[in-house]
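> structure here, sequence nowhere to be found:
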């Protein structure tokens, strides 16, 4: 089990669909350690030896995946620190892993980098997508970078694609960077059921929808960042960070995460999020500085709700003339902060709604590396989001208290010394100030004005 997920009920529900627990020590049938950066096929898939060519002990990534597929069961593939693996064998459309992308057809494959040090890189070289997960197969990636994937024209999942057939399969990303990939839907990743935790999905492009991630089933996203993703659809599309087109009964929960500086360059259906089906819940999420021609950072299409708790939607930029800051069925459930008024961001209120702040400056600080695996948007010292989360405690989608923010910093904590012990709205928990006059913030004008 991924650390910090063992107490998350929704994660356990997703993992329970698998025939065996993916991270249980006894569940792994074999381990291959990759020793070569060359892109070469396995000499004899199924013989239990990862070796690219007769008479060699060199184990390549492609050879390890081919062995895993041929042997079945569960396989862990271990990559060393900071090494880059460039896929060079052309041939998109082949599904045995011999050419083009790395096809995963075994019941379970784990590809893991080391627990510390630089992340190893799987680079598609723009020949094909990087990883293709077949029907009935599950893939876990941990501490790796997936980049340089390009899906064949009109196809989905530039970095990773999960089969579009609904089965008891799951894609898990744990401390993974998905960057610089492209596809029609899911420029970075196209998944059905999945878990994304402590990961960053950055700089990916979709020609239709879901620049960073497309979800077509149930999924849980925890402590992760979506930044700099794009959709450049000439026709209807959108969801530059995230597109959810799941079945109505499916549930997508996003918690303690940041969606920032994503762009929909040519349309009006969600600069950050587009939802056309399913249930999507945002809990302590920061949606900030996203660009869209119109339709706002969040677009709920066909009346499907986007539900918010203790979340921030702010500083959306739009074309000329700008359309409303959000559109469709956006439902507030308490202690959210939107810098647009209801006239610019039509919302509805859930039965549990209270403490909402609309039409106020969110007081956001810099977007950058503030701790944790992904980047976050800090809060300025005078942000109205500070100490404005649920006074009963910010909670995950199963009702359990969120003990940390996206970075792993303790939540809640007072915004100023002696202030209320109350969580902040959004993904970032402000470090409390000793002084209340602006001295610690670096805002010298505010400090000077308050000091005689």
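Done, it's in. Keep in mind it's a predicted model, so treat the numbers as computed, not measured.
> for the top helix by length along the chain, what is the average pLDDT?
With secondary structure taken from DSSP state H, the chain has its longest helix at helix 61-71. Helix 61-71 carries an average pLDDT of 98.
> what do you get for stretch 392-404?
Throughout stretch 392-404, pLDDT has a mean value of 94.
> mind listing what's buried in it?
Judged by neighbour count (16 or more other Cβ atoms under 10 Å), stretch 392-404 contains these buried residues: 393-397, 402. Where you see a C-beta, it was placed from the backbone N, CA and C, and this is true even at glycine.
> ditto for stretch 126-138
Buried positions in stretch 126-138, judged by neighbour count with 16+ other Cβ under 10 Å: 127-134, 137-138.
> among the residues you listed, which ones are in strands?
Counted as lying in strands by DSSP state E, out of the buried residues of stretch 126-138, are 131-133, 138.
> so which of these is the closest to residue 201?
Nearest to residue 201 out of those is residue 131 (Cβ to Cβ; 14.4 Å).
> what sits against the closest residue to that closest one other than its chain neighbours?
Distances taken as Cβ to Cβ, 6 or more residues apart in numbering put residue 160 closest to residue 131, at 4.6 Å, once the chain neighbours are dropped. Counting by Cβ atoms under 8 Å, 6 or more residues apart in numbering, residue 160 makes contact with 129-133, 139, 141, 146, 149, 171, 178, 188-191.
> kindly report the same for residue 39.
Applying Cβ under 8 Å, 6+ apart to residue 39 gives the contacts 60-62, 85-89.
> name the element it belongs to?
Following DSSP states H and E, there is no helix or strand that holds residue 39.
> same question for the one 4 residues further on.
Mapping residue 43 onto the secondary structure by DSSP H and E places it in no helix or strand at all.
> now do the end-to-end distance for stretch 67-87.
This stretch, stretch 67-87, spans 17 Å end to end (Cα to Cα, to the nearest Å).
> run the chain-centre distance for that stretch.
Distance, stretch centre to chain centre, for stretch 67-87: 23 Å (Cα atoms, centre = their mean, to the nearest Å).
> one step back: got the buried residues of stretch 126-138 as TSV, with distance to residue 316 and pLDDT columns?
Formatted as TSV, the buried residues of stretch 126-138 follow (distance: Cβ to Cβ, whole Å; pLDDT from 0 to 100):
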residue	distance to residue 316	pLDDT
127	36	96
128	35	97
129	31	98
130	31	98
131	33	98
132	34	97
133	34	96
134	38	94
137	38	93
138	36	94
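> mind giving me CSV with those residues and columns for distance to residue 208?
What follows is the buried residues of stretch 126-138, written out as CSV (distance: Cβ to Cβ, whole Å):
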residue, distance to residue 208
127, 21
128, 19
129, 15
130, 19
131, 20
132, 19
133, 20
134, 23
137, 25
138, 26
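> which one of these is nearest residue 156?
For the buried residues of stretch 126-138, the nearest to residue 156 is residue 129 (8.7 Å; Cβ to Cβ).
> how is this structure partitioned into domains?
According to automatic domain parsing, the chain comprises the domains 27-128+140-150, 152-450.
> for the shortest one, measure first residue to last.
Domain 27-128+140-150 has its terminal residues 33 Å apart, counting by Cα to Cα.
> can you give me how far it is from the chain middle?
Here domain 27-128+140-150 shows a centroid-to-chain-centroid distance of 23 Å under the convention Cα atoms, centre = their mean.
> and the longest one, by the same measure?
Using Cα atoms, centre = their mean, we find the averaged C-alpha position of domain 152-450 to lie 10 Å away from the chain's own average C-alpha position.
> out of the contacts of residue 39, which end up buried?
Neighbour-count burial (16+ other Cβ under 10 Å) applied to the contacts of residue 39 gives 60-62, 85, 87, 89.
> reformat those residues as TSV; add distance to residue 155.
Formatted as TSV, the buried ones among the contacts of residue 39 follow (distance: Cβ to Cβ, whole Å):
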residue	distance to residue 155
60	25
61	22
62	20
85	22
87	16
89	19
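> out of the residues you listed, which comes closest to residue 118?
So of the buried ones among the contacts of residue 39, ranked by how close each gets to residue 118 (Cβ to Cβ), first place is residue 85, at 13.3 Å.
> the closest one belongs to a helix?
No - going by DSSP: H, G, I helix; E, B strand; the rest coil, the assignment for residue 85 is strand, not a helix.
> skip the chain neighbours and tell me the closest residue to it.
Leaving out its chain neighbours, the residue that sits closest to residue 85 by Cβ to Cβ, 6+ apart is residue 61, at 4.9 Å.
> quick check: the one you found touching residue 77?
Yes - with contact defined as Cβ atoms under 8 Å, residue 61 counts as touching residue 77 (7.1 Å).
> between these two, what contacts are shared?
Counting by Cβ under 8 Å, 6+ apart, the shared contacts of residue 61 and residue 77 are 34, 111.
> enumerate the positions of stretch 380-392 that are buried.
The neighbour-count check on stretch 380-392 (16+ other Cβ under 10 Å) flags 380-381, 383-391 as buried.
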